[in-house]
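S.K.: just the structure for this:
(4 chains)
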2 protein chains.
Amino acid sequence: MPEFLDLHGRTSKAVRAVAEAAVRRHGLHLGQDHLLAVLWQEDGRTPGEVAAALNVTTANVVKAATRMTAAGLLTRRRDDRDNRLVRLWLTDAGRALQEPVERERRLIEESITADLSPAEREQLMSALTKIHRSATAMLTTPADQSTPATP
Amino acid sequence: MPEFLDLHGRTSKAVRAVAEAAVRRHGLHLGQDHLLAVLWQEDGRTPGEVAAALNVTTANVVKAATRMTAAGLLTRRRDDRDNRLVRLWLTDAGRALQEPVERERRLIEESITADLSPAEREQLMSALTKIHRSATAMLTTPADQSTPATP
DNA sequence: CCTCGATCATTAACCGGTAAACGACCTGAG
DNA sequence: CTCAGGTCGTTTACCGGTTAATGATCGAGG
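M.R.: Numbers count the residues shown, from 1 in each chain, chains lettered A, B, ... in the order given. I've put the predicted structure just below:
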């Protein structure tokens, strides 16, 4: 029922669907492009490092890495010095996706914000930043709804 | 990398996490509250009707309904006149959640938008509406990125 | 009356995401 | 040197979401 949560949820789903469709044209699933983006920036990171960079659990990265390894995008290799660690390396196929995927992502960004004036876009980013800050604060500070305002 | 998509994704995840934590305090999972909301409005709907109201697949509603039936929130019963149809009925437990869940959802809406002035809030809703419209349009009209502007 | 197509719900197989349990490995204190 | 505790990755079991295949039922035409 609440206005913002409802609109945000529907918008979020629609945006997600657009990104999903776009990335699927390159044989990827949504989320896999984020994992690739981290490795495009720097190769040979561990699942834990990738998870931290993506703000996701390590288990999630492991599962995705398994699928992407099977798909020929990644290579797994244990670290020689510390045998607990596993390092993820891009294959040529995984590296080849960088340019087209990043380009498409830029196009989506443009198309999806095309109806907004520069001022509107600026205000939207500002507002979303505030929402993001509030939300993350509410996650670490549980259930302060008894004191909504700080006098 | 794109500014908006990145910020939107992170914000979306944070907001989702807040809603998840809130609804979990009442023994629900995120999404189940939406299903309940439809039934709170009117009881005895079919999975297909609920799915259409939530903009979700019927299969998803069926799965959720199965779990919620096991949790004692719902009751399944086949329609007498048309035996293909199944109607979902709230139990007392399911109906009892309406007031606390809706109240908490309102509180979250307030808390999460507390840093925004009324004007900012208005602009945010307007911008999100435009984003939503663009995104849904891009879903039905695939790959018009070769003609970004309509001259 | 009977069949054939449309309309339902359901199931199974995938995804991304999570939390929890597990096991292998390193490291530092004794 | 040993061993206890911390740090990893992996596995398993959920949840919400999807698509595709299956199955039961209704309804209309012949």
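
S.K.: can you map out the helices along chain A?
M.R.: Using DSSP state H, the helices of chain A run over residues A:3-24, A:32-41, A:47-54, A:58-70, A:92-96, A:98-112, A:118-140.

S.K.: okay, those helices in CSV with distance to B:Thr129, mean pLDDT and mean neighbour count next?
M.R.: All C-beta spots, glycine's among them, are computed from the backbone N, C-alpha and C. As requested, those are exported to CSV (distance: least, Cβ to Cβ, whole Å; pLDDT from 0 to 100; neighbours: other Cβ atoms under 10 Å in any protein chain shown):
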stretch, distance to B:Thr129, mean pLDDT, mean neighbour count
helix A:3-24, 7, 96, 18
helix A:32-41, 27, 98, 20
helix A:47-54, 29, 98, 18
helix A:58-70, 32, 98, 16
helix A:92-96, 37, 97, 15
helix A:98-112, 13, 96, 17
helix A:118-140, 11, 95, 16
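
S.K.: save those as TSV, and put in distance to B:Val56 too.
M.R.: Below are the helices of chain A laid out as TSV (distance: least, Cβ to Cβ, whole Å):
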stretch	distance to B:Val56
helix A:3-24	9
helix A:32-41	23
helix A:47-54	26
helix A:58-70	23
helix A:92-96	33
helix A:98-112	22
helix A:118-140	23
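
S.K.: which residues touch A:Ala127?
M.R.: Applying Cβ atoms under 8 Å, 6 or more residues apart in numbering or on different chains to A:Ala127 gives the contacts B:116, B:120-121, B:123-124, B:127.

S.K.: likewise A:Ala135?
M.R.: B:11, B:14-15, B:17-18, B:112.

S.K.: nearest to DNA strand C, of those residues?
M.R.: Distance to DNA strand C, by Cβ to the nearest atom of the strand, is smallest for B:Ala17 among the contacts of A:Ala135, at 7.8 Å.

S.K.: that closest one against A:His132, yeah?
M.R.: No. Applying Cβ atoms under 8 Å, one finds B:Ala17 not in contact with A:His132, separated by 11.1 Å.

S.K.: ok, A:Arg25 to A:Ala19 distance?
M.R.: From A:Arg25 across to A:Ala19, the span is 11 Å (Cβ to Cβ, to the nearest Å).

S.K.: ok, now A:Gly9?
M.R.: According to Cβ to Cβ, A:Gly9 and A:Ala19 sit 16 Å apart.

S.K.: for A:Ala127, same thing?
M.R.: Applying Cβ to Cβ, the value for A:Ala127 to A:Ala19 is 21 Å.

S.K.: now do A:Leu36
M.R.: Between A:Leu36 and A:Ala19 the computed distance is 14 Å (Cβ to Cβ).

S.K.: find the nearest non-adjacent residue to the residue most central in space within chain A, please.
M.R.: Nearest to the mean C-alpha position of chain A, by Cα atoms, centre = their mean, lies A:His34 at 4.8 Å. Distance criterion Cβ to Cβ, 6 or more residues apart in numbering or on different chains; nearest residue to A:His34, sequence neighbours excluded, is A:Leu54 at 5.5 Å.

S.K.: now swap in A:Arg121 and tell me
M.R.: In space, and not counting its chain neighbours, A:Arg121 is closest to A:Thr113: 5.7 Å by Cβ to Cβ, 6+ apart.

S.K.: burial of that neighbour, as a residue count?
M.R.: Residues within reach of A:Thr113, counting by other Cβ atoms under 10 Å in any protein chain shown, total 23.

S.K.: can you check A:Thr57 too?
M.R.: Other residues near A:Thr57 number 12, with proximity taken as other Cβ under 10 Å.

S.K.: would you confirm that it contacts A:Ala51?
M.R.: Yes. With contact defined as Cβ under 8 Å, A:Thr57 reaches A:Ala51; the gap is 6.0 Å.

S.K.: where do the contact lists of those two overlap?
M.R.: Between them, A:Thr57 and A:Ala51 share no contacting residue, judged by Cβ under 8 Å, 6+ apart.

S.K.: follow-up on the earlier one: return the member of the contacts of A:Ala135 nearest to B:Lys63.
M.R.: Distance to B:Lys63 across these (Cβ to Cβ) is lowest for B:Ala17, with 21.9 Å.

S.K.: dump the residue contacts of the closest one.
M.R.: By Cβ under 8 Å, 6+ apart, the residues touching B:Ala17 are A:135, A:139.

S.K.: the same query, at a cut-off of 6 Å, please.
M.R.: The neighbourhood of B:Ala17, defined by Cβ atoms under 6 Å, 6 or more residues apart in numbering or on different chains, consists of A:Leu139.
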